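Student: this one's sequence-less:
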DNA sequence: TTCCAACCTTGCCCCGGGGACAAGGTCAAG
DNA sequence: CTTGACCTTGTCCCCGGGGCAAGGTTGGAA
């Protein structure tokens, strides 16, 4: 006959835990000896092992009696949950390894792929981070729309002219808004913008939050970029003001 | 700029959790807009993702700031813990499959092996369970001693005479203690006992709790077995009473 | 025998990591 | 201008025990 401590050690739990299982009615209270100590037999060892096995598999104590009485399928379900939790932990290990890579941590896979393709272009870190932050916010606000835009934007990275405009913007980021060289960049950018896929071509464009459009075409704190936006928009509207009203969203965005 | 709900959704947690992280100083409180709502930027998304990643990896919230400031080795250590937890869950899946196998659930591997070898002998379920319960209690009381005894007992299962005595005991379990057939069994058992390894041959016999010896040689509720114990002990002491005093523990035990 | 450490008993409060709900203020779109 | 989905602070509650108090018991060694 075992004392509570011997029973608990055998099962790998604390004596307190065994008392809790008694209190919750999971494990029947055993006989007491002359001094009031609980005394356990082999059946109690078996019963406790079952309870501990289920509890450690994540079954809430309150559900354990039902599971013990139920059929095999309940246990299969618990096993499936356990398998899922193992997968989850494995995914979390991967995330842990990316702890100091904000893009992998915060962006959906397609945006990560975009950033991977963007990096070899060799923009400044500041520009890259600005682009990354734009996508982070866009994906948080409207994941599906953002991933649609991402697709077209990723394709654009194969376009040498687009890449050239990106590099121009990169160089211009700290220029004065009055810098005369901005004109030339605006000309190239406007030419590009005319054959770029526009956000308005998206299937659900009317549902796209205005915020997202503003984010992806915003000037992000650079006065020179703000000025470039103005110049490009002006050029675009001049070129097509016979056929359509100006469309601010058509300015080529740097992301 | 994101609201708390958008931020939380992006990170896969509840808005409440984000407020908790603010209250614990893990995540800096952001600016508020005109109506008092918190407004988050991309950096907050990154910071929150880091916090959530660590929290989901099992790091207590109170330790997260230190980990974020610490070097790589802290994260490697967390990763190692995560790996261990995965292994643990995998072991628990195995145990879950053995939920209705008391021996696998409660006994050490060597005792499981013993029971596996015992089963084909074809004893009654009652006898087998009595043996199993004896080992459960013995292993709980004194695991190392029990495993030493188990080794010699497992070897005995190769001895046809020992197996024959086991079968005799199995048949006799419900006989009356006055049954004359018990005599013949006692004769065979006593002959066997004279060449069986005795518990007193164990290296640390003096440390063996008396309880364990009683358990493994006890009669476990069968009056016929109790009588057999008497008969065997009597025979053994008659045979050697010139050289040694009677030794109750030398009765051949059925386990 | 007497001692001591290691048990055991009940009872109560505490913890982390949020969830639930209240009672109200605010936003955006139709 | 309403409606429903947000947001704000605040409070209480949950599980699965851990820790401690304050006392009684046991068993082996000196």
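Tutor: Perfect, thanks for sending it. If you're wondering where the values come from, they're calculated on a predicted model, not measured in any experiment. Residues are numbered from 1 along each chain as shown, chains lettered A, B, ... in the order given.
Student: the bottom helix or strand of chain A by mean pLDDT?
Tutor: helix A:210-217 (a mean of 66; mean pLDDT, DSSP states H and E).
Student: in the helix or strand following that one, what's buried?
Tutor: Using DSSP states H and E, the helix or strand that follows helix A:210-217 in sequence is helix A:223-240. Neighbour counts over helix A:223-240 (16 or more other Cβ atoms under 10 Å in any protein chain shown) mark A:224, A:225, A:227, A:228, A:229, A:230, A:231, A:232, A:233, A:235, A:236, A:237 as buried. For every residue, glycine as well, the C-beta is placed using N, CA and C.
Student: where does the prediction get shaky in chain A?
Tutor: For chain A, the stretches with pLDDT under 70 are A:197-220, A:239-255.
Student: show me the domain layout of it.
Tutor: What the record gives for chain A is the domain set A:4-97, A:102-243, from automatic domain parsing.
Student: which one of the ones you listed lies nearest to residue B:89?
Tutor: domain A:4-97 (5.1 Å; Cβ to Cβ).
Student: quick check: end-to-end length of that closest one?
Tutor: Taking Cα to Cα, to the nearest Å, domain A:4-97 runs 43 Å from one end to the other.
Student: and what of stretch A:60-76?
Tutor: End-to-end span of stretch A:60-76 (Cα to Cα): 16 Å.
Student: list the buried ones in the helix or strand containing residue A:183?
Tutor: Using DSSP H and E, residue A:183 maps to helix A:181-195. By 16+ other Cβ under 10 Å, the buried positions in helix A:181-195 come out as A:182, A:185, A:186, A:189, A:190, A:191, A:192, A:193.
Student: what do you get for stretch A:93-108?
Tutor: Buried residues in stretch A:93-108, counting neighbours by 16+ other Cβ under 10 Å, are found at A:93, A:95, A:96, A:98, A:99, A:102, A:103, A:104, A:105, A:106, A:107.
Student: near chain B too, which of those?
Tutor: A:93, A:95, A:96, A:99, A:102, A:105, A:106 (Cβ under 8 Å from any Cβ of the partner chain).
Student: residue contacts, the fourth one?
Tutor: Yep, that's residue A:99 we're talking about. Taking Cβ atoms under 8 Å, 6 or more residues apart in numbering or on different chains, we find residue A:99 in contact with A:105, B:50, B:53, B:54, B:75.
Student: how would you label the fourth one: helix, strand or coil?
Tutor: Spelled out, it's residue B:54. Following DSSP: H, G, I helix; E, B strand; the rest coil, residue B:54 is assigned to helix.
Student: by proximity to DNA strand C, which residue of chain A wins?
Tutor: Residue nearest to DNA strand C within chain A: residue A:5 (2.4 Å; Cβ to the nearest atom of the strand).
Student: assess the claim that that residue and residue A:17 are in contact.
Tutor: No. Shown here, residue A:5 and residue A:17 do not form a contact pair, counting by Cβ atoms under 8 Å, at 11.5 Å.
Student: these two: who's more crowded?
Tutor: With neighbours defined as other Cβ atoms under 10 Å in any protein chain shown, residue A:5 and residue A:17 compare such that residue A:17 has more, 17 against 12.
Student: any idea which helix or strand carries the more buried one?
Tutor: Here residue A:17 sits within helix A:15-23, counting by DSSP H and E.
Student: does any part of that helix sit near DNA strand C?
Tutor: Yes. Counting by Cβ under 7 Å from any atom of the strand, DNA strand C is contacted by helix A:15-23 at A:15, A:19.
Student: ok, back up a step: want to throw the domains of chain A into a markdown table with distance to residue B:29?
Tutor: Output for those, formatted as a markdown table (distance: least, Cβ to Cβ, whole Å):
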| stretch | distance to residue B:29 |
| --- | --- |
| domain A:4-97 | 25 |
| domain A:102-243 | 19 |
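Student: return the residues in contact with residue A:137.
Tutor: A:215, B:1, B:2, B:41, B:42, B:45 are the contacts of residue A:137 under Cβ under 8 Å, 6+ apart.
Student: span of stretch A:138-146 from start to end?
Tutor: End-to-end distance for stretch A:138-146: 6 Å, by Cα to Cα.
Student: of the contacts of residue A:99, which is the most crowded?
Tutor: So for these (other Cβ under 10 Å), the most neighbours sit at residue B:54, 25 neighbours.
Student: you'd agree that one is up against residue B:62?
Tutor: No. Under the criterion of Cβ under 8 Å, residue B:54 is not in contact with residue B:62, lying 11.5 Å apart.
Student: okay, and the common contacts of the two?
Tutor: Listed contacts common to residue B:54 and residue B:62 are nil; contacts here mean Cβ under 8 Å, 6+ apart.
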